[in-house]
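[1] Starting from these lines, generate the structure:
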Amino acid sequence: MNKTVSKTLTIGLCVLILCTMTGCDFFRKTNDGKANLFWYMKLTDDEENPYRTESGDGTAAVALENGYSEDFAIVKDGQVFLNIDTVIENIDERFYWDKIEKLVMFTNAEQIYESGLNSSSINGETVDFVTSFTDSGKCYLNLKFVQRYVDFDADYVKGNDSMPARVCITAKSGEVSTMVLQSDEYMRTGGDYQNLIVAEIPEDSVVTVIEKSKNWNYVRTEDGFVGYLPVSELDDEKKVKHSYKSDAEEYTHITMDRKVSLVWNMVTNANANANLSGQLQGTKGLNVVSPTWFTLQDAKGNVASLADRGYVQTAHAAGLQVWAMASDTGAKGKKLTPKVLQNSGCRRKMVNDLIFYANEYDIDGINIDFEYVTENLAQDYLQFLRELSVQCRKNKLVLSVDNYVPTDGNAYYDRKQQAKLADYIIVMSYDEHATSEDGAGSVSSMAFTENAIKETVAQVQDSARVLNGMPFYTTAWRETPEKNSDGSGTFVQDSVNGNYYLTSQDITMDTAEQLVQDSGATPVFDEETGQNFVSYQDGKDTVLIWLEDQKSVASRFELMNRYSLGGAAYWCLTQESDDIWNVVGKYMSDAK
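    Got it, this is the predicted structure:
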C-alpha cells in the first residue's frame with residue numbers, strides 16, 4: 001500500500017476513534033424528535049390526551065428535587081393547589097385530609113390547624129385564600145396554606161398550549177451540586193443523543209444536579225425542566241446549601257433520668273385493680289407499671305375505662321409511675337378501629353377522654369397499643385398520635401407507643417414519625433412463632449430479638465427512647481400423630497417421623513417449669529435460638545418448649561445494653577417466675 005494512503009487511513013482511523021470517544025457531532029447520530037411534554041411531565045398517561053380537571057381548571061407539572069411528581073398540581077383562579085399526597089410525601093407528612101368530615105388539617109407539636117374544604121378560614125380565622133378543594137376524588141391544598149406552616153421554596157412557571165405549566169418545589173435542607181451550562185444545549189429524556197428532546201436550555205443556565213454519570217448528568221433547571229445534559233457541556237460545579245426553618249426543637253420529650261423498666265399489668269375488670277399490691281410483692285428493678293385500662297367503647301370515640309385511684313396510689317407508693325394502656329384489641333376493636341380513626345370528631349373524643357382520665361386519676365402517662373391498624377388506616381392512625389401528642393405535651397404526660405417487630409409489611413406504622421410524636425417507642429419483640437400455622441418455634445429467639453431492636457433503632461434514630469418488650473411467657477407446642485388426632489390444629493406432613501397435627505398453648509414461666517419437672521426431661525441449650533429447649537413424650541404426643549427463664553431474660557438485657565436502649569418492657573405481670581426479678585433487679589436497679 002502507498003505510504004501516503006496508509007498514513008491517511010491511520011490518521012482517519014484515529015480521528016474516528018477520538019470523535020467517537022469525545023462525542024464529536026460529525027459522527028454522532030442525533031435524534032431531533034421532541035418529547036410530548038405533557039406525557040413526559042406526568043400530565044397524561046398517554047401521548048395524546050392531557051389530564052383534565054372536573055372544573056376545567058388548568059394543570060401544572062410538579063418538579064421535585066428528584067424528578068416529576070406522579071400527581072399534578074391544579075391552577076385555579078390564579079392560585080396553585082398541590083395534591084395532598086405530593087405534600088405529604090415530599091414537603092411535610094403532617095398534613096391530613098379527613099374524607100368523612102371534609103376537613104384538611106396540619107398538626108405541629110403544639111397546635112392543630114383545621115379548615116373545611118372550599119373554606120377561607122382556619123380554626124375560625126378568615127384568610128385571603130381558599131385552603132383546599134377536591135377534584136376527581138383527590139384533595140388539593142392551596143400552596144399558600146402549605147407555606148403558612150412549612151418553610152420551603154415553590155416557584156410557579158406559566159405554560160402554553162405546547163409547554164406545560166410547572167411548579168418547582170425545593171423542600172429538603174442539605175447540600176446540592178449546581179453546574180453552569182457552557183452553551184445552548186438540548187435537554188433529553190435519557191442519557192444519550194438518541195433520546196427525545198425535552199427543551200433547549202440556554203447557555204449560562206444554572207442547573208441542580210440530581211444524579212451524576214460518566215457522560216450525562218440528570219439535572220433540574222431553575223424553571224422546572226428535568227432531564228439529561230451532556231457532562232462535556234457542564235462546568236463550574238459549586239456546592240449550595242439549602243436550609244429551611246424547622247420546628248423540630250418544639251417536639252420536646254419527657255424521658256426518665258434512668259432506664260425505663262416497665263411491666264404491663266393485665267386488668268380485665270374493676271375488681272382486679274385491688275390485686276396490684278400483692279402482685280408487686282417480690283418484684284425488683286421496676287419503675288413503671290402499665291395497666292390495661294382503656295379500650296374503644298363505641299364508634300363515636302368514647303373510651304371504656306377501668307381506671308382506679310387506689311391502684312395509682314399503690315403504684316406511686318411503691319415508687320412506680322403509671323402509664324395506662326389504651327388499646328384497640330378488645331372484642332369490638334377490629335370493627336371500631338377504622339370508624340374511630342377515620343373521623344376527626346371521634347378521634348377528638350377519644351383523645352379528650354384519655355386526657356380526662358389521666359388528669360382525673362393522676363396517671364403519669366399513656367401507652368398506646370393499637371394492633372388493628374391496616375395500611376389504608378396508616379395516615380389516620382398517625383394523625384391520632386399527632387393529636388394525642390399535642391395534648392400529652394400540654395398536660396405533661398409521657399406518651400409511649402407499642403409497635404410490632406419491623407417488617408416490610410408493617411412499615412406504614414412509620415416509627416420514624418412516631419418517634420417525633422412519642423416519648424418512647426416500644427418494640428414488642430415476641431410472637432416470633434405465635435400460632436400453629438407459624439410452625440413450632442421460640443416465642444422470641446435471640447436473633448429475632450436482636451433484629452427487632454436493630455431495625456427499630458435504625459428507624460427511630462434515637463436508641464435512648466427505644467424500649468425492648470420481652471415475653472414473661474412461653475408456648476408449649478404439641479405434635480399429635482395423625483392417627484391419634486381429632487383433627488384440631490395445623491396438619492404437618494413429615495415423611496420421616498410421620499404426619500401429625502400441631503397445636504399450641506401459651507403458658508407462664510412457672511407452668512413451663514412444672515411441665516419440665518413432671519416430664520423428667522432435661523433442658524438443653526439451643527444454639528440457634530439462644531435459649532434452653534426441652535422436648536418430651538406425653539403419651540403418643542411430643543411436646544416442645546423453648547423456655548423463657550433467667551438465661552433468656554438476661555440475654556435480652558445484654559442486648560438492651562449493647563444497643564444503648566432506653567430500657568425494657570415485660571409482658572406481663574404474674575406470668576413470670578419469682579427468680580426472674582433477681583435478673584431484672586441486677587440489670588435495672590442501678591441502670592442509668
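
[2] The helix or strand T86 falls within: which residues count as buried?
    For T86, the host element (DSSP states H and E) is helix 84-90. Going by neighbour count (16 or more other CB atoms under 10 Å), the buried part of helix 84-90 is 84-88, 90. To be clear about C-beta, it is placed using only N, CA and C from the backbone, and glycine gets the same treatment.

[3] try stretch 475-495
    The neighbour-count check on stretch 475-495 (16+ other CB under 10 Å) flags 475-480, 485, 489, 492 as buried.

[4] With distance to V127, pLDDT and secondary structure added, can I get those in a markdown table?
    Listed next are the buried residues of stretch 475-495 as a markdown table, based on distance: CB to CB, whole Å; pLDDT from 0 to 100; DSSP: H, G, I helix; E, B strand; the rest coil:
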| residue | distance to V127 | pLDDT | secondary structure |
| --- | --- | --- | --- |
| T475 | 58 | 98 | strand |
| A476 | 63 | 98 | strand |
| W477 | 62 | 98 | strand |
| R478 | 66 | 98 | strand |
| E479 | 68 | 98 | strand |
| T480 | 69 | 98 | strand |
| S485 | 69 | 97 | coil |
| G489 | 62 | 97 | coil |
| V492 | 64 | 97 | strand |
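
[5] about what we covered before: now, among the buried residues of helix 84-90, which is nearest to L64?
    Of all those, N90 has the smallest distance to L64: 5.4 Å, by CB to CB.

[6] does the residue nearest to the closest one when sequence neighbours are not counted have beta-bridge partners, and which?
    In space, and not counting its chain neighbours, N90 is closest to L64: 5.4 Å by CB to CB, 6 or more residues apart in numbering. Assessed by DSSP bridges, L64 has beta-bridge partners G67.

[7] same thing with F81?
    Going by DSSP bridges, F81 forms beta bridges with I74, N142.

[8] Contacts only, for it.
    Contacts for F81 (CB atoms under 8 Å, 6 or more residues apart in numbering) come out as 73-75, 132-133, 140-143.

[9] In a strand, A304, correct?
    Yes: counting by DSSP: H, G, I helix; E, B strand; the rest coil, one finds A304 located in a strand.

[10] Please compute how far stretch 145-155 lies from its chain's middle.
    Per CA atoms, centre = their mean, to the nearest Å, the displacement of stretch 145-155 from the mean C-alpha position of its chain is 24 Å.

[11] And for stretch 467-477?
    On CA atoms, centre = their mean, the centre of stretch 467-477 falls 24 Å from the chain's centre.

[12] returning to that earlier point: so can I have TSV of the buried residues of stretch 475-495 showing distance to Q281?
    Output for the buried residues of stretch 475-495, formatted as TSV (distance: CB to CB, whole Å):
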residue	distance to Q281
T475	27
A476	27
W477	32
R478	33
E479	38
T480	39
S485	42
G489	38
V492	43
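
[13] of all those, which two lie farthest apart?
    T475 and S485 (18.7 Å).

[14] Quick check on the residue positioned nearest the centre of the chain: phi, psi?
    Compute the mean C-alpha point of the chain, and by CA atoms, centre = their mean the closest residue is D414, 1.3 Å away. Dihedral angles of D414 (phi, psi; degrees, to the nearest 10) stand at phi 50, psi 70.

[15] Now do the same contact list for it.
    By CB under 8 Å, 6+ apart, the contact list for D414 reads 93, 378, 382.

[16] how about 7 Å then?
    Taking CB atoms under 7 Å, 6 or more residues apart in numbering as the contact definition, D414 lies against 378, 382.

[17] Return the member of the contacts of F81 nearest to V288.
    Closest approach to V288 among those (CB to CB): L141, at 40.3 Å.

[18] From T292, how far out is that closest one?
    L141 sits 39 Å away from T292, going by CB to CB, to the nearest Å.

[19] One more: L320?
    16 Å.

[20] So, low pLDDT: which residues of the stretch 401-550 of the chain?
    Within the stretch 401-550 of the chain, the set of residues satisfying pLDDT under 70 is empty.

[21] likewise the chain?
    The chain contains residues with pLDDT under 70 at 1-29, 47.

[22] Tell me which stretches of it form helices.
    Counting by DSSP state H, the chain has helices at residues 3-22, 37-40, 84-90, 143-149, 276-279, 309-317, 333-341, 344-360, 378-394, 415-421, 446-460, 509-519, 550-562, 580-588.

[23] CSV for those, including distance to S55?
    Putting those into CSV (distance: least, CB to CB, whole Å) gives the following:
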stretch, distance to S55
helix 3-22, 52
helix 37-40, 19
helix 84-90, 17
helix 143-149, 17
helix 276-279, 61
helix 309-317, 56
helix 333-341, 31
helix 344-360, 26
helix 378-394, 26
helix 415-421, 33
helix 446-460, 41
helix 509-519, 65
helix 550-562, 57
helix 580-588, 62
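
[24] With E237 as the reference, name the closest of these.
    Short answer: helix 3-22, nearest of the helices of the chain by CB to CB, at 20.0 Å.

[25] Nearest to A248 among the buried residues of stretch 475-495?
    T475 (42.3 Å).

[26] quick one, what contacts the closest one?
    433, 443, 504-507.

[27] Scan the residues you listed and report the most crowded one.
    For the contacts of T475, the largest neighbour count, defined by other CB atoms under 10 Å, is 24 neighbours, found at V443.

[28] Surely that residue is in contact with Y430?
    Yes: contact between V443 and Y430 holds when scored by CB atoms under 7 Å: they sit 5.2 Å apart.

[29] Now the common contact residues for these two.
    Joint contacts of V443 and Y430 (CB under 7 Å, 6+ apart) are P471.

[30] Please name the nearest non-neighbouring residue to D578.
    Using CB to CB, 6+ apart, the closest residue to D578 is G282 (5.7 Å).

[31] separation between that neighbour and G469?
    Distance of G282 to G469, computed by CB to CB: 22 Å.

[32] Between those two, tell me which one has more neighbours.
    G469 (22 against 12).

[33] quick one, what contacts that one?
    The contact partners of G469, taken as CB under 7 Å, 6+ apart, are 426-430, 569, 571.

[34] can you put those in TSV and add neighbour count and distance to D298?
    Output for the contacts of G469, formatted as TSV (neighbours: other CB atoms under 10 Å; distance: CB to CB, whole Å):
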residue	neighbour count	distance to D298
I426	27	27
V427	26	31
M428	21	27
S429	28	33
Y430	23	31
A569	25	29
W571	22	27
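
[35] Tell me how many other residues crowd the residue nearest to N90.
    21.

[36] I'd say it and E89 touch.
    No: between L64 and E89 there is no contact, the gap being 9.1 Å when judged by CB under 7 Å.

[37] just so I have it, where are all the strands in the stretch 151-300 of the chain?
    153-157, 165-170, 174-181, 185-188, 197-201, 206-211, 216-221, 226-230, 234-242, 260-265, 288-291, 294-296 (DSSP state E, counting those that start in this stretch).

[38] wait, which of those is closest to P50?
    Among those, strand 165-170 comes nearest to P50, with 11.3 Å by CB to CB.

[39] Alpha carbons of that closest one, as PDB, please.
    C-alpha atoms of strand 165-170 as PDB (Å, rounded to 0.1, in the frame of the first residue of the first chain):
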ATOM      1  CA  ALA A 165     -47.100  25.000  33.400                       C
ATOM      2  CA  ARG A 166     -44.600  23.900  36.100                       C
ATOM      3  CA  VAL A 167     -44.400  24.200  39.900                       C
ATOM      4  CA  CYS A 168     -40.800  23.900  41.100                       C
ATOM      5  CA  ILE A 169     -40.600  22.600  44.700                       C
ATOM      6  CA  THR A 170     -37.400  22.600  46.900                       C
END
